[in-house]
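In: sharing a model that was predicted from the sequence below.
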Amino acid sequence: MKKNPSIKIGQRRVGLDFPPLVIAEVGINHEGDLRKAKQMVDDAQASGAECVKFQSHIIEDEMVPAAQGTVPGNAQKSIWDIVKRCELSAEEELELKKYVEAKGLIYLCTPFSRAAADRLKKMKVSAYKIGSGECNNYPLIEHIAAFGKPMIVSTGMNDIPAIKKTVQILRAKRVPYALLHCTSIYPTPYEKIRLGALADLQRTFPDAVVGLSDHSLGNYTCFAATALGASILEKHFTSKKSWPGPDILISIDPPELADLMVGTRAIFSARGGKKVILPEEKPTINFAYACVVATKDIAAGEKITMENVWVKRPGTGEIKAKDLSKVLARVAKVDIKKDQQLSWKII
């Protein structure tokens, strides 16, 4: 039997056969404040998280000054101003990685430029998370894939043909990879989530681990995605929704993250299986099933009819309700008392 695809990030195996990896994305919600970033790591861990993700920005290598006139749909300031305010130095990013890993958590980071990718390589990260905007940035994908580390690629704003080109690069480099369905609307209305895309990705890329990078409000869509086979779930995270930050609006807080951790594991445990009767259901069968019983005294030699038998609990008798039709028109071999459960040897 063919194994389900999986990737390994550090010591954590990720795929259909394992509980979903929940990525708590701090991103740049720290606003460039290392102290706040560490608090969010602490709060994510206290909520049960095993993975925390950030973003690596080196603005001069990421964009040109013309970006000072480009304002994202979910912001009031230009993307240049936002990134400049929120970027961390190389020393701060390394300190943050050490802080995360000292707590036993998985550190992930998204590079938004070649220089940022090289910085993360120098930091010896265990895997690379690729943002939706870089999914079709094939030169950058090729550059990062050459490092040989697992890559988790978000696919917002990209269709199957565009994703195929990315996957071709990853396969050529023999890089373990995951694809995250994503809708790049902040926040994403539920009717725009399109969870059916998970099946599209699974069908088109059978060697991929598939997941969801979710920008909707709350945990509903992540729970649904888990039931549909998502192996990775990514949500923006903040310690406090009252804090300022570019992605605070679509972020979950510690109680919501704790609920997401518990819920996804419960749903994973419930996923799969076949419609069969479990051995553990036998005690319930004993009282819940109905069996064929006499509704009045039946004399030996008397024919069994609907006038003298019916089905009643408990389910401990030999002839279950499903076999009532097989009893009719048979003859009693012995006297049968009212309310006696019938068996094949007495008819």
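Out: Yep, that arrived. Numbers count the residues shown, from 1 in each chain.
In: show me where pLDDT drops low in the chain?
Out: 1, 74 (pLDDT under 70).
In: residue most distant from the centroid, it?
Out: Checked against the mean C-alpha position of the chain, the extreme residue using CA atoms, centre = their mean is residue 301, at a distance of 63.9 Å.
In: so who does it touch?
Out: Applying CB atoms under 8 Å, 6 or more residues apart in numbering, we find residue 301 in contact with 331-332. Placement of C-beta: from N, CA and C, glycine included.
In: can you show me the CA trace of the longest helix along the chain as PDB?
Out: Ranked by residue count and defined by DSSP state H, the top helix of the chain is helix 254-270. Provided in PDB are the C-alpha atoms of helix 254-270 (Å, rounded to 0.1, in the frame of the first residue of the first chain):
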ATOM      1  CA  PRO A 254      -4.200  32.700  23.300                       C
ATOM      2  CA  PRO A 255      -7.700  31.300  24.200                       C
ATOM      3  CA  GLU A 256      -8.500  30.800  20.500                       C
ATOM      4  CA  LEU A 257      -5.100  29.200  19.900                       C
ATOM      5  CA  ALA A 258      -5.600  26.800  22.800                       C
ATOM      6  CA  ASP A 259      -9.100  25.900  21.400                       C
ATOM      7  CA  LEU A 260      -7.500  25.400  17.900                       C
ATOM      8  CA  MET A 261      -4.900  23.100  19.300                       C
ATOM      9  CA  VAL A 262      -7.400  21.000  21.200                       C
ATOM     10  CA  GLY A 263     -10.000  21.000  18.400                       C
ATOM     11  CA  THR A 264      -7.700  20.000  15.600                       C
ATOM     12  CA  ARG A 265      -6.300  17.100  17.600                       C
ATOM     13  CA  ALA A 266      -9.800  15.900  18.500                       C
ATOM     14  CA  ILE A 267     -10.900  16.100  14.800                       C
ATOM     15  CA  PHE A 268      -7.700  14.300  13.700                       C
ATOM     16  CA  SER A 269      -8.500  11.500  16.100                       C
ATOM     17  CA  ALA A 270     -12.000  11.300  14.700                       C
END
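In: tally of neighbours for the nearest residue to residue 106 once chain neighbours are set aside?
Out: Among residues not flanking residue 106 along the chain, residue 51 sits closest, at 4.0 Å (CB to CB, 6 or more residues apart in numbering). Here the count is done by other CB atoms under 10 Å, and residue 51 has 23 residues near it.
In: in contact with residue 51, which residues?
Out: Contact partners of residue 51, counting by CB under 8 Å, 6+ apart, are 9, 12, 21-24, 105-108.
In: next one: residue 171
Out: Residue 171 touches residue 207, counting by CB under 8 Å, 6+ apart.
In: off-centre distance for whichever strand or helix holds it?
Out: Element membership for residue 171 (DSSP states H and E) is helix 160-172. Distance of helix 160-172 from the chain centroid (CA atoms, centre = their mean, to the nearest Å) equals 23 Å.
In: helix or strand right after it?
Out: As assigned by DSSP H and E, the chain's next helix or strand after helix 160-172 is strand 177-182.
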